[in-house]
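A.B. asks: Turn this into a structure:
(one chain, ligands or ions: 1)
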Amino acid sequence: MGSGATRAAAARSLSTSSSQSARVAVMGASGGIGQPLSLLLKLNPAVTHLNLYDIVHTPGVAADLSHCETRAVTQGFVGDDQLKASLEGAEIVVIPAGVPRKPGMTRDDLFNTNASIVANLAKAAAEVCPKAFVAIISNPVNSTVPIASEIYKKAGVYDPLRIFGVSTLDVVRANAFLGEAKGVDPADVNCPVVGGHAGITIIPLISQCSPKIELPEDKLKAMTERIQDAGTEVVKAKAGSGSATLSMAYAAARFTDSLIKATQGQSGVVECSYVASDVTEAPYFATPILLGPNGVAKNLGLGTLSPFEEGLLKAAIPELKKSIAKGVEFVNKNY
Ligand code: NAI
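C.D. replies: Here you go, the predicted structure:
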């Protein structure tokens, strides 16, 4: 490191951040996403406490991870009896619990199994740590975020600024594909992706990409469709053994890190996320969100869309509204 002054400043910022706690609970921690996500969180120096909950295998996963020489105190919780204990003190609850797709399935085909898994986890979180940020990965995200929100409403603790659908993987994929196509380091690419997290509801805003990326019309259409179908690309390649897990774990670790930074007062933290929204007529919608200590600090909206993107938006809204209504109806009927 450089001068003494730089070293002193670095030490100060380190001691500030290390005095702050970041207590994260991962629900579904033994799964294909849950395990690598828990590893990445265990490696995040900002995480002080890591609670791993699942219906199977968490004692082993936690014992294994706890041997990494990082400071996050890692504990496993298994089964319904330990569900509430796993959420005690949590500031961020990340939910990758539920079944993934097999070839030929849409995300909506997962609804019957995953809706009740997310609802029950949300019910416990609403009771034990109602102020925690909730980051929902379980599909269909377009419906599971409304489901969790309705459960929080029924518990009387709903705060729309604190419930997030994790759509980060769509941004990560757009950045990777665009960087690759244009010979730019993907780490330097930032392409907002708005809408929802399923098929045509995934709307990459390539016209707003930084750095500016120009594609001829046919390539723009092909790139957009590749981003929309990227999950299916992985499902097909895995040939029945599941959907994206490693890239999803990376994306969720990035999103969780941004939530931690926001809770710890860092300014200018922006992530696209699927949240309660009045930006369009769909009551939940992903847009770039400025994150702050209380969750959503500001919804940065859609910006200026190209005519092509306007068309994508128009096609997405009816499907999104349908998926949202399905989630709301599920809770009204069953809880
Ligand atoms: P997986 O089947 O490998 O793991 C799921 C884990 O959830 C298992 O360990 C299982 O025991 C656990 N689980 C089941 N019921 C539970 C309950 N009631 N409480 C706690 N844990 C429970 O599945 P994978 O690949 O990890 O995917 C998880 C979810 O993430 C799926 O719904 C999948 O569709 C979704 N996903 C979302 C993405 C996104 O971009 N938001 C991307 C990729 C997957």
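A.B. asks: Can you tell me, leaving aside adjacent residues, what's nearest to the residue in the stretch 101-250 of the chain positioned nearest to the ligand?
C.D. replies: Relative to the ligand, the nearest point of the stretch 101-250 of the chain is Asn139 (3.4 Å; CB to the nearest ligand atom). All C-beta atoms are positioned from the backbone trio N, CA, C, and that covers glycine. Nearest residue to Asn139, sequence neighbours excluded (CB to CB, 6 or more residues apart in numbering): Arg107, at 4.3 Å.
A.B. asks: Are there helices or strands packed against the host helix or strand of Ile289, and which ones?
C.D. replies: Using DSSP states H and E, Ile289 falls within strand 284-292. Helices and strands touching strand 284-292, by 3 or more CB pairs under 8 Å, 6 or more residues apart in numbering; DSSP states H and E, are helix 141-155, strand 163-165, strand 193-195, helix 246-263, strand 269-276, strand 295-299, helix 307-334.
A.B. asks: how about a cut-off of 6 Å?
C.D. replies: When contacts are defined as 3 or more CB pairs under 6 Å, 6 or more residues apart in numbering; DSSP states H and E, strand 284-292 packs onto strand 193-195, helix 246-263, strand 269-276, strand 295-299.
A.B. asks: nearest to Asn44, of these?
C.D. replies: For the helices and strands packed on strand 284-292, the distance to Asn44 is smallest for helix 246-263, at 5.9 Å, taking CB to CB.
A.B. asks: about what we covered before: dihedrals phi and psi, the residue of the stretch 101-250 of the chain closest to the ligand?
C.D. replies: In terms of degrees, to the nearest 10, the main-chain angles of Asn139 are phi -90, psi 160.
A.B. asks: cool, and Gly240?
C.D. replies: Here Gly240 shows phi and psi, under degrees, to the nearest 10, equal to phi 100, psi -10.
A.B. asks: Now it: closest residue in space, sequence neighbours ignored.
C.D. replies: Among residues not flanking Gly240 along the chain, Lys102 sits closest, at 5.5 Å (CB to CB, 6+ apart).
A.B. asks: Could you report the separation of the one you found from Ser143?
C.D. replies: Going from Lys102 to Ser143 by CB to CB, to the nearest Å gives 19 Å.
A.B. asks: Which one of the two is surrounded by more residues?
C.D. replies: Taking neighbours as other CB atoms under 10 Å, Lys102 and Ser143 compare with Ser143 leading, 31 against 15.
A.B. asks: which ones are touching the nearest residue to the more buried one once chain neighbours are set aside?
C.D. replies: Nearest residue to Ser143 in three dimensions, chain neighbours excluded: Gly327, at 3.6 Å (CB to CB, 6+ apart). Residues near Gly327 by CB atoms under 6 Å, 6 or more residues apart in numbering: 143, 146-147.
A.B. asks: try 10 Å this time
C.D. replies: With contact taken as CB atoms under 10 Å, 6 or more residues apart in numbering, Gly327 is in contact with 111, 115, 118-119, 140-150, 284.
A.B. asks: do Pro283 as well
C.D. replies: Taking CB under 10 Å, 6+ apart, one finds 146, 149, 160, 276-277, 320-321, 324-325, 328 in contact with Pro283.
A.B. asks: What's the local residue count around the nearest residue to Val128 once chain neighbours are set aside?
C.D. replies: Leaving aside its sequence neighbours, Val128 sits nearest to Leu87 (CB to CB, 6+ apart; 4.0 Å). As a burial measure, Leu87 scores 23 neighbours (other CB under 10 Å).
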